[in-house]
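Novice: Just need the structure, nothing else, for what follows:
(one chain, ligands or ions: 2)
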Amino acid sequence: MNLKIAVLAGDGIGPEIIDQAIKVIDSVCRKKGHTTQYRKGLVGATAIDNTGNPYPEETHRICMESDAVLFGAIGDPRFDNDPRARVRPESGLLEMRKKLGLYANIRPVMTFPSLLHKSPLRKDLVEGADLVAIRELTGGIYFGKPQGRSEDGNTAYDTCVYHRYEIDRICRLAFDFAMKRRKKLTMVDKANVLATSRLWRETMQEIAPDYPDVELEYMFVDNAAMQIIQWPRRFDVLVTENMFGDILTDEASVITGSLGLLPSASIGLHTSVFEPIHGSYPQAAGKNIANPLATVLSAALMFEYAFNMKSEADLVRSAVEASMTEGVVTEDIDSSNATGTSEVGDWLAEWIEKQ
Ligand code: IPM
Ligand code: MG
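Specialist: Ligands and ions are numbered 1, 2, ... in the order given. So this is what the prediction gives:
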């Protein structure tokens, strides 16, 4: 099969981690007899510098014409420190999610046996933790209107909006995931305070009878933030709105041991996007120290979800596990004996070659 992949490297460490994922994809494709066709697109601060637009029309076209999008990272400190910046790199990411209709962001959180000692959490608590967070990605406070400032500049507002159809489709998708796993679904909200959360619960209660085999529970987000860390093994599939999902998945990365390890898949109406959950880590850009594994594992999700190639995905995951067992890891995982970003990529590609 010929895989048409749009490559949006973005900012900061984006280009270096994407390069490693591409080495791995190429190696898997050589092994399994597939061909690839990559098309690069500008996004984020790099795109602003070149075109004035963080998600140029040309990039969108490339995404729409591809079978999958591999995405690096977005964000540049030049914009973070300017609260009145007219355009921001992040708005490119949000626009891409909206235009591609990527309403579901799937973030698996797992543990690696060789890394258990790295987690700041006690080994006996995290061992065997295996959950999937499903974050709604195109609604809520990220996109609600109005958003802005009063004329005198002294008042600012964001609006959280959810429509029933948006909640319905993401909750059904979460149930489908639960059906393929341990059949437990936790919906996280703040229904004791927010009207949107109450609509989430109402919608969920209507859908639940269609999935009698799934055990459904509701949990307030503050409580969920505590339980994820205190008792991660109790979770199977978690579904929640955009902002809560953003926060809880960074928190959940602590279970794995490094933010540099968590991949994600964003799926919806058009081409799916595969990206690490971490940001652009500008302090590390160009230093060959960033962990490429979250992006490499995102490529595994790409094989699985975009191309329905489970054995290709498993090959990537096995390579990642092997690199960790062998201690071929970047400094976030082993500061005393670190391997460079590019060398980790080479090692993975070679390991796959040898299988
Ligand atoms: C993420 C990121 C983004 C988000 C930022 C960069 C806009 O934190 O993908 O989790 O908040 O969605
Ligand atoms: Mg985030």
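Novice: show me the contacts for the residue in the chain positioned nearest to ligand 1.
Specialist: Of all residues in the chain, Glu90 sits closest to ligand 1, at 4.0 Å by CB to the nearest ligand atom. C-beta here means a position set from N, CA and C on the backbone, and glycine is covered the same way. Residues in contact with Glu90, defined by CB atoms under 8 Å, 6 or more residues apart in numbering, are Gly44, Pro54, Ile74, Gly75.
Novice: right, and Tyr38 touches Ile5 too?
Specialist: Yes: with contact defined as CB atoms under 8 Å, Tyr38 counts as touching Ile5 (5.4 Å).
Novice: which of these two has more neighbours?
Specialist: Ile5 (22 against 15; other CB atoms under 10 Å).
Novice: helix/strand/coil for the more buried one?
Specialist: strand (DSSP: H, G, I helix; E, B strand; the rest coil).
Novice: what's across from it in the sheet?
Specialist: Ile5 has these beta-bridge partners by DSSP bridges: Tyr38, Ala68.
Novice: Report whether the expected contact of it with Thr36 is present.
Specialist: Yes: using CB under 8 Å, Ile5 is in contact with Thr36, at 6.2 Å.
Novice: okay, and the common contacts of those two?
Specialist: Ile25.
Novice: Please give me every residue in contact with Glu58.
Specialist: So Glu58 contacts Gly41, Leu42 (CB under 8 Å, 6+ apart).
Novice: switch the cut-off to 7 Å
Specialist: Gly41 (CB atoms under 7 Å, 6 or more residues apart in numbering).
Novice: can you tell me the helix or strand for it?
Specialist: For Glu58, the host element (DSSP states H and E) is helix 57-64.
Novice: avg pLDDT for that helix?
Specialist: Across helix 57-64, the average pLDDT comes to 98.
Novice: buried residues in that helix?
Specialist: By 16 or more other CB atoms under 10 Å, the buried positions in helix 57-64 come out as Thr59, His60, Ile62, Cys63.
Novice: Make a markdown table from those residues and add distance to ligand 1 to it.
Specialist: Output for the buried residues of helix 57-64, formatted as a markdown table (distance: CB to the nearest ligand atom, whole Å):
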| residue | distance to ligand 1 |
| --- | --- |
| Thr59 | 16 |
| His60 | 18 |
| Ile62 | 20 |
| Cys63 | 16 |
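Novice: Give me the secondary structure label for Tyr218.
Specialist: strand.
Novice: pretty sure it is in contact with Met187, am I right?
Specialist: Yes: with contact defined as CB atoms under 7 Å, Tyr218 reaches Met187; the gap is 5.3 Å.
Novice: In terms of neighbours, single out the busier of those two.
Specialist: Met187 (26 against 16).
Novice: secondary structure class for the residue nearest to Asn291 when sequence neighbours are not counted?
Specialist: Of all residues beyond its chain neighbours, the one nearest Asn291 is Gly260 (3.0 Å), with distances taken as CB to CB, 6 or more residues apart in numbering. What three-state DSSP gives for Gly260 is helix.
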